[in-house]
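Asks: Whatever this is, show me its structure:
(chains A and B)
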There are 2 protein chains.
Amino acid sequence: MRYARLSVGGRAVWGRVGERDVHLLSGSPLEGPTAPDVIGTVPRADAHWLPPVVPPVFYAVGMNYPRHIAHAKAATPERPEVGYRANNALTGHLSPIVKPAAVTGRFEAEPELVAVIGRTLRRATRAEAREAIFGWTIGNDISARTWQHQDRTFWRSKNSDTFKPMGPWIETDADALAGTTTLRVNGAERARFPTGDMVFDPYAYIVEITKHLTMHPGDVLWMGAESTCHLEPGDTVEVEIDGIGVLSNPVLLEGNHS
Amino acid sequence: MRYARLSVGGRAVWGRVGERDVHLLSGSPLEGPTAPDVIGTVPRADAHWLPPVVPPVFYAVGMNYPRHIAHAKAATPERPEVGYRANNALTGHLSPIVKPAAVTGRFEAEPELVAVIGRTLRRATRAEAREAIFGWTIGNDISARTWQHQDRTFWRSKNSDTFKPMGPWIETDADALAGTTTLRVNGAERARFPTGDMVFDPYAYIVEITKHLTMHPGDVLWMGAESTCHLEPGDTVEVEIDGIGVLSNPVLLEGNHS
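Replies: Reported below is the predicted structural model:
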C-alpha cells in the first residue's frame, strides 16, 4: 500500500495512492487500530504532495555507505550513531528546493532511503525493529557545503527551509534494501548504488537507538547516501529507489519563486 | 497567564493554571484566533504535568553564558548558532529523570530559560522576534558527559528518554530575562546566575535563525546554562527562574522505577 499526505483546500489530508487516483482518508493510517475511511478522491495528476509524514523525531544517519566514507576519507563508524534534522526543512514531491541567495560553493543532493516507524519501540530486538517499520519513503538530504564547514552545527547547512524533500509516499510493501538507488539531474543519471550496501542497516540502527531512546509512530530514520551531486537553480533533481518510487523536485534560486 | 498541559484520563489536555486549580481547555492557546473554552477543573495538587508543549522543532543553544564558556575553556561564539534536541527526551514537572544503568561519569543538570514561539516567523526583525514569543518556560538539559565525549553526536548523551524535563507551565507575562536562575539539589542551592547574562539573547537567536529557517508556533528555543551540577539517583533537582516558576524532578536509577 502507498500512503501520502496531500494539501486539499489548505488542509493536510492523508491518502491511499492508487494507479490513477489518490483516495483521501478520514485519518492517519499510523494511528489507531481501525483503518481510516475513504472520504474523497483526487486524480494523481492534480495532487499537491506534502511530506508523507511530519515526524515527532527526525533521525538522520551520517556516514553509512562504504564508498561515501572512502570518498570523504572518514573513519568507518564502529557502531550505529544517529543525528537529527528539523521539520521546518521538509517539503513534498514536486515542490521547489530553494537555494538561498547567500549560499556559495557546492549545493548538493544526497539520495536516501527513509524508514517510517509505525510502533512505539524501546529495547527492540532486530525482529521487532523489522516489524515496527510501517513503510519506506525517499529523502533528499540537500546540503550547503560551505555552511556545513563554517558552522558549529548543521543548522542552516542541512536544515534551511526546503532542504529536506521527502516523498512522494510511504510504500508499506517494498523490499526496500534489495534494489538500487538512482540520482538523476535533468533526466541524466548522476549516481547509482545498491540501496542496501550500508555499513549498518535500518534494523541495526533501530536496535541501537532504542537501547536508550523510545521511538514513536511517525518517527523517520534517513539512512545516508553513497553518492552526491551538485545542483544549480533551474535543475530538476530526481531520486528513484526501487520498490518505492521517484521523488522529484525543481531547484529555484531564492527570490525567483513565488 | 500560565498555560500547561496535563495528562487527564490518559489524554493530553491544555490548561490555564490558577492559584489553586488548573482550568482545563478545549484546545491549544497556541492555535487559532479564538481562545479555547474552559471544559473542567483539576486541583493543582492533583495535576499530572506534561511538558507544556511538544515542539515541531526543538532548538537548543550551546555556549551562551560567559562564565560557562570560560569554565569550558571554549571560544565565545561570534554569532548565534543553534543545535537540536529530540522530543522523545521530554518529560514534565515532577516526573522522574531516569539515569540509565549504563551511564558512568558525570550526570549533570543544566538549568535553562526556554522561549516558546507563538507565530510563524521568517526574516524577523528584533521587534518581531520579541512579539512572536508566546511565553517562557523552564528546561533542564540533563547531560551524560561520558557519552557526550564518546559519541559523534549528542544523540544519547542529551536525548535519552527523560533527559529533557520542561515545565511546569508557559508563563506569558514574565520579564524572563530580568531576574535570576537558581539550581537546587535536595533543597540546597548549587548555582545562581542572572538569567539574562547571555552572549546573545533569545531575540538575537530568533533573528539569526529566521534568516534561513521558518519558525512555527510551538517551537521551543532552550537558551543554555551558566552553571551545572552533578546528580545522583535519589536526588531531587529544582530549577527556579524568576517570573516563571519552579521545575522539580526526582532522579531515579534505571530499573528502580515503575
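Asks: What count of nearby residues applies to the residue lying closest to A:Val61 once chain neighbours are set aside?
Replies: Leaving aside its sequence neighbours, A:Val61 sits nearest to A:Gly224 (CB to CB, 6 or more residues apart in numbering or on different chains; 4.3 Å). Placement of C-beta: from N, CA and C, glycine included. Other residues within reach of A:Gly224, judged by other CB atoms under 10 Å in any protein chain shown, total 22.
Asks: Quickly note the distance from A:Gly224 to B:Asp37.
Replies: When CB to CB, to the nearest Å is the yardstick, A:Gly224 and B:Asp37 sit 47 Å from each other.
Asks: can you check A:Arg2 too?
Replies: 39 Å.
Asks: and stretch A:40-47, how far from the chain's centre?
Replies: 22 Å (CA atoms, centre = their mean, to the nearest Å).
Asks: who's in contact with the residue nearest to A:Val61?
Replies: A:60-65, A:68, A:110, A:112, A:198 (CB atoms under 8 Å, 6 or more residues apart in numbering or on different chains).
Asks: Adding neighbour count, secondary structure and pLDDT as columns, could you present those residues in a markdown table?
Replies: Output for the contacts of A:Gly224, formatted as a markdown table (neighbours: other CB atoms under 10 Å in any protein chain shown; DSSP: H, G, I helix; E, B strand; the rest coil; pLDDT from 0 to 100):
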| residue | neighbour count | secondary structure | pLDDT |
| --- | --- | --- | --- |
| A:Ala60 | 24 | strand | 98 |
| A:Val61 | 24 | strand | 96 |
| A:Gly62 | 19 | coil | 89 |
| A:Met63 | 17 | coil | 91 |
| A:Asn64 | 25 | coil | 95 |
| A:Tyr65 | 22 | coil | 95 |
| A:His68 | 20 | helix | 87 |
| A:Glu110 | 22 | coil | 97 |
| A:Glu112 | 27 | strand | 98 |
| A:Met198 | 20 | coil | 97 |
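Asks: Which single one of the residues you listed is nearest to B:Ser28?
Replies: Nearest to B:Ser28 out of the contacts of A:Gly224 is A:Ala60 (CB to CB; 28.4 Å).
Asks: Now for the nearest residue to A:Phe58 once chain neighbours are set aside, how many residues are close by?
Replies: Nearest residue to A:Phe58, sequence neighbours excluded (CB to CB, 6+ apart): A:Arg85, at 4.6 Å. A:Arg85 sits with 24 neighbouring residues when counted by other CB under 10 Å.
Asks: for A:Arg85, phi and psi?
Replies: When quoted as degrees, to the nearest 10, the phi and psi of A:Arg85 stand at phi -120, psi 180.
Asks: pretty sure it contacts A:Ser157?
Replies: No: proximity of A:Arg85 to A:Ser157 does not meet the contact threshold set by CB atoms under 8 Å, at 10.9 Å.
Asks: Around chain B, which positions in chain A sit nearby?
Replies: With CB under 8 Å from any CB of the partner chain as the criterion, chain A comes near chain B at residues A:54, A:56-57, A:62, A:77, A:81-84, A:86-89, A:100, A:122, A:151-153, A:155-156, A:159-161, A:209, A:211-216.
Asks: Pipe the contacts of A:Gly224 into TSV and attach distance to A:Gly179 per row.
Replies: Output for the contacts of A:Gly224, formatted as TSV (distance: CB to CB, whole Å):
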residue	distance to A:Gly179
A:Ala60	22
A:Val61	19
A:Gly62	23
A:Met63	22
A:Asn64	17
A:Tyr65	15
A:His68	18
A:Glu110	18
A:Glu112	14
A:Met198	13
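Asks: elements contacting the helix or strand bottoming out on mean pLDDT in chain A?
Replies: Comparing every helix and strand of chain A by mean pLDDT, DSSP states H and E singles out helix A:66-71 as the least confident one, with a mean of 89. Identification of packing neighbours for helix A:66-71 by 3 or more CB pairs under 8 Å, 6 or more residues apart in numbering or on different chains; DSSP states H and E yields no helix or strand.
Asks: The helix or strand following it: partners in the sheet, and parallel or antiparallel?
Replies: From helix A:66-71 onward toward the C-terminus, using DSSP states H and E, the following helix or strand is strand A:82-84. For strand A:82-84, the paired strands and their directions (DSSP bridges) read strand A:58-61 (antiparallel).
Asks: Compare A:Arg2 and B:Asp37 (neighbour count), which wins?
Replies: Shown here are A:Arg2 and B:Asp37; by other CB under 10 Å, A:Arg2 has more neighbours (20 against 10).
Asks: residues near the residue lying closest to that one once chain neighbours are set aside, how many?
Replies: Excluding its sequence neighbours, the residue lying closest to A:Arg2 (CB to CB, 6+ apart) is A:Val17, at 3.9 Å. The local packing of A:Val17 (other CB under 10 Å) involves 22 other residues.
Asks: A:Val17 contacts A:Arg44, doesn't it?
Replies: Yes: here A:Val17 reaches A:Arg44: they are 7.1 Å apart, a contact under CB under 8 Å.
Asks: What ranges does chain A have for its helices?
Replies: Using DSSP state H, the helices of chain A run over residues A:66-71, A:126-132, A:145-150, A:155-159, A:202-209.
Asks: Okay, buried residues for the first one please.
Replies: This means helix A:66-71. Judged by neighbour count using 16 or more other CB atoms under 10 Å in any protein chain shown, the buried positions of helix A:66-71 are A:68-69.
Asks: Next: stretch A:226-243.
Replies: If you call a residue buried by 16+ other CB under 10 Å, then stretch A:226-243 has these buried ones: A:226-229, A:231, A:233, A:235-243.
Asks: any idea how far that stretch is from the chain center?
Replies: Worked out by CA atoms, centre = their mean, stretch A:226-243 lies 13 Å from the chain centre.
Asks: Excluding chain neighbours, what is closest to A:Leu121?
Replies: A:Met215 (4.5 Å).
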